[in-house]
Structure formats: C-alpha cells, structure tokens
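fold the following for me, if possible:
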Amino acid sequence: MKELVAYLTCSLPDKTFTADAILALGEAGADRIELGLPFSDPVADGEVIEKANLKAISSGFKTAQAFEVARMVSDKIPTYLMGYFNMFYSNGFENFTKKSQASGIKGYIIPDLPFEESSKYSSLLSEYNTSLVQFLAITDSDERVAKICKKANDFIYLVAFAGITGANKSEDLQPILQCAKSYTNEKIFVGFGVNKESAKQKAVGADGVIVGSAFVKILNDENTSMFKKLELLQEEAKAIKEAIN
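Residues are numbered from 1 along each chain as shown. Below you'll find the model as predicted:
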C-alpha cells in the first residue's frame with residue numbers, strides 16, 4: 001500500500017492541538033508525520049505554509065514545543081522534524097539531535113542542507129539512530145541520483161517540480177523514479193503540489209506522497225473551529241490515501 005506523509009506546522013495554534021491533529025491524521029490513514037518547525041524565512045515553502053510559520057512564530061513558538069509534541073505522538077506514528085538548517089544548528093547540532101532522540105524523532109527533513117554538506121553529519125546521526133531524508137529533484141543527473149540514492153537510509157523525498165510547496169505544476173516523474181529505483185530499495189515519496197486532486201497522478205511509480213499545503217490551509221482558517229479542523233484534516237487524509245491506493 002502506498003503511504004501518505006502528512007506535514008503540519010508545529011504549534012498552530014498550540015502544541016496540544018498539533019498533537020491532536022497528528023493523531024487524527026494517523027487515524028485517517030497518514031503513515032508518517034512531517035512536523036514543521038516554524039521559521040521566519042521558509043525558502044522552499046509557498047504562501048500557505050509561510051503564513052502558518054509566521055502565525056506560529058508570532059504566537060510564541062519555541063523549538064522545545066516540537067520536542068514536546070513529538071513525545072506525545074512519536075510512539076503512535078513515525079515522526080520527522082522538517083525545518084531549515086539554522087534551527088538544527090544554532091544551539092549545537094549534537095545537542096539538538098540528543099533532544100530529538102529522547103523525544104522519539106525518527107529523522108530530519110532539511111531542504112536547505114545540500115547533499116554534499118550533509119555527509120559530515122552522517123556518523124553523528126547514526127550514533128543517535130536518527131535518519132536524514134535525502135532529496136531528489138527532477139533536474140538531477142543520473143550520476144547525482146545514484147550518489148544520493150546510495151547514501152539514503154530512510155525514505156527519499158522527490159521534489160515534483162522546480163519551485164515552492166503548494167504550487168500547481170506537473171512534470172513527468174517517471175524517468176527519475178525509474179532511475180532512482182535502480183539504485184535503492186528505500187521508499188520514494190513525491191512532494192510539492194500534492195493534494196486530493198493531484199495525488200493519484202503524482203503517486204504513479206512512487207511509493208507514496210508528501211502533502212503539506214492542503215493540510216496547513218485548514219489550520220490557517222481562522223473561521224473554523226478546532227473540532228471542525230480535525231474533521232477536515234481527516235477527510236482530506238482519507239481522500240488522498242484512497243486516491244493513491
């Protein structure tokens with residue numbers, strides 16, 4: 001069965017709701033959680049997630065809240081921290097990773113950490129049993145795909161197009177998917193621009209999809225009650241999981 005990786009911005013509006021939302025998504029079919037660390041300049045993210053980031057920061061988000069949320073949910077659904085490298089590095093990468101391990105975090109998704117730079121952290125991450133999700137882009141050469149896939153030790157994040165999250169674009173992913181699968185047995189999930197309308201097409205040839213903006217858009221709606229947001233998150237997750245399978 002193909003997997004759904006669900007992204008949520010942490011602490012929007014607070015850590016308790018984030019934990020409730022994660023568990024609700026898990027009940028609705030999400031297989032893994034990408035817990036977003038709010039950052040003031042999320043360069044890979046579109047308007048929806050950028051807005052969510054800024055709202056969470058203005059409400060007082062602290063990184064410690066992400067660890068607290070992870071402790072509440074990581075024994076029930078595999079949980080990854082997604083963020084920009086400065087957040088992992090600013091107070092010491094090893095210190096951050098120790099806290100991650102203690103919170104049950106399975107791995108990191110860091111879009112602004114280049115593959116070539118990430119190797120220097122491999123032994124430390126291995127020591128703390130924390131994976132680093134590698135990225136592939138449709139513009140990568142076969143040689144680069146081979147290098148990245150051979151180093152992967154968890155799922156691989158295939159960026160569906162050149163751009164930012166939430167955009168409605170389409171590319172032929174089959175050549176790079178076939179190339180990548182010739183070098184690795186790790187699962188490959190497609191992200192960027194995935195929602196219930198596009199999920200079926202994006203999942204062709206892949207092992208699943210990564211969905212962020214479609215869920216965060218629900219969180220951003222200030223006219224919807226918390227209870228209704230949980231319902232809408234579940235409806236979206238169920239629709240996407242059904243579409244890809």
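
which stretches in this protein count as helices?
For the chain, the helices defined by DSSP state H cover 15-27, 47-58, 63-73, 85-89, 93-103, 115-118, 122-127, 142-151, 174-181, 199-202, 213-220, 226-244.

now for those helices, which one comes closest to Val190?
Shortest distance between Val190 and these, using CB to CB, is found for helix 199-202: 4.8 Å. Glycine gets a C-beta too; all of them are placed from N, C-alpha and C.

CA atoms of that closest one as PDB?
This file holds the C-alpha atoms of helix 199-202, laid out as PDB (Å, rounded to 0.1, in the frame of the first residue of the first chain):
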ATOM      1  CA  ALA A 199      -2.300  12.800  -5.500                       C
ATOM      2  CA  LYS A 200      -3.300   9.800  -7.800                       C
ATOM      3  CA  GLN A 201      -1.200  11.100 -10.700                       C
ATOM      4  CA  LYS A 202       1.700  12.200  -8.600                       C
END
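
still on that earlier bit, which of the helices of the chain sits most buried?
Compared across the helices of the chain, helix 213-220 shows the largest average neighbour count, a mean of 22 (mean count of other CB atoms under 10 Å).

quick one: contacts of that one?
The contact list for helix 213-220 (CB atoms under 8 Å, 6 or more residues apart in numbering) reads 6-9, 12, 21, 25, 46, 48-49, 51-52, 55, 165-166, 194-196, 224, 229, 232-233, 236-237, 240.

now do Val190 against Gln174, distance only.
11 Å (CB to CB, to the nearest Å).

quick one, what contacts the spatially most central residue of the chain?
Closest residue to the average C-alpha location of the chain: Glu34 at 3.6 Å, with CA atoms, centre = their mean. When contacts are counted by CB under 8 Å, 6+ apart, Glu34 touches 5-8, 80, 82, 109, 210, 212.

how about the nearest residue to it once chain neighbours are set aside, what does it touch?
Closest residue to Glu34 apart from its sequence neighbours, by CB to CB, 6 or more residues apart in numbering: Tyr7 at 4.1 Å. Shown in contact with Tyr7 (CB under 8 Å, 6+ apart): 33-36, 49, 82, 210-212, 215-216.

need the worst-confidence member of the residues you listed.
Lowest in pLDDT among the contacts of Tyr7 is Ile49, which has 91.

so that residue sits right up against Gly212, yeah?
Yes: applying CB atoms under 8 Å, one finds Ile49 in contact with Gly212, separated by 6.0 Å.

inside strands: which ones of the contacts of Glu34?
Among these, the members found in strands (DSSP state E) are 5-8, 80, 82, 109, 210.

relative to helix 213-220, how tilted is the helix or strand of the chain with the lowest mean pLDDT?
Lowest mean confidence among the helices and strands of the chain (mean pLDDT, DSSP states H and E): helix 47-58, at a mean of 92. Here the directions of helix 47-58 and helix 213-220 differ by 40 degrees (axes from the mean of the first three to the mean of the last three CA atoms, to 10 degrees).

helices or strands up against helix 47-58?
For helix 47-58, the elements it packs on are strand 3-9, strand 32-36, helix 213-220, judged by 3 or more CB pairs under 8 Å, 6 or more residues apart in numbering; DSSP states H and E.
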